[in-house]
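Peer 1: Provided below for reference: sequence and predicted model.
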Amino acid sequence: MTTTVLIVDDSKLARIVAAKAVTALKPSWQRIEASNADEALEMIAKHPVDVALIDFNMPGKNGVELAEEMRKVRPAMPIALITANIQHEVVAAAKAINAVFVAKPLTQEGLQDFLEAAAVSLPAEDNS
């Protein structure tokens, strides 16, 4: 069974950077993308998403609001809130919804710990 990562960011460039980092770290994982919260919620309804990387600053719902909605559907799914906004309130909001805070600019090194922890939480055949 393939692990699917949902990358949510209103910036196409940011989605490309995130996809490249995921590919480098977890080449067997499938990547799907959404440019806003509404698209992300549609993707979750249509696809078996295992892990989510969510930008904080997006038009419409922000990343915390989206993660809260995703938790209703997939309570145990590993979620990373990715943002350059490193204010204490944003970090605390990520922790409050059981999401991992990952600072932008996103790098393989910055994403590695989150993906490794996510892989451990998935069924054994999904974590390569």
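Peer 2: On my side now, so go ahead.
Peer 1: by contact count, what packs against the helix or strand Ile32 falls within?
Peer 2: Using DSSP states H and E, Ile32 sits within strand 30-34. Strand 30-34 is packed against strand 4-8, helix 12-25, helix 37-46, with contacts defined by 3 or more CB pairs under 8 Å, 6 or more residues apart in numbering; DSSP states H and E. All C-beta atoms are positioned from the backbone trio N, CA, C, and that covers glycine.
Peer 1: repeat that with 10 Å
Peer 2: Helices and strands touching strand 30-34, by 3 or more CB pairs under 10 Å, 6 or more residues apart in numbering; DSSP states H and E, are strand 4-8, helix 12-25, helix 37-46, strand 51-55.
Peer 1: List the buried residues for it?
Peer 2: By neighbour count with 16 or more other CB atoms under 10 Å, strand 30-34 contains the buried residues Arg31, Ile32, Glu33, Ala34.
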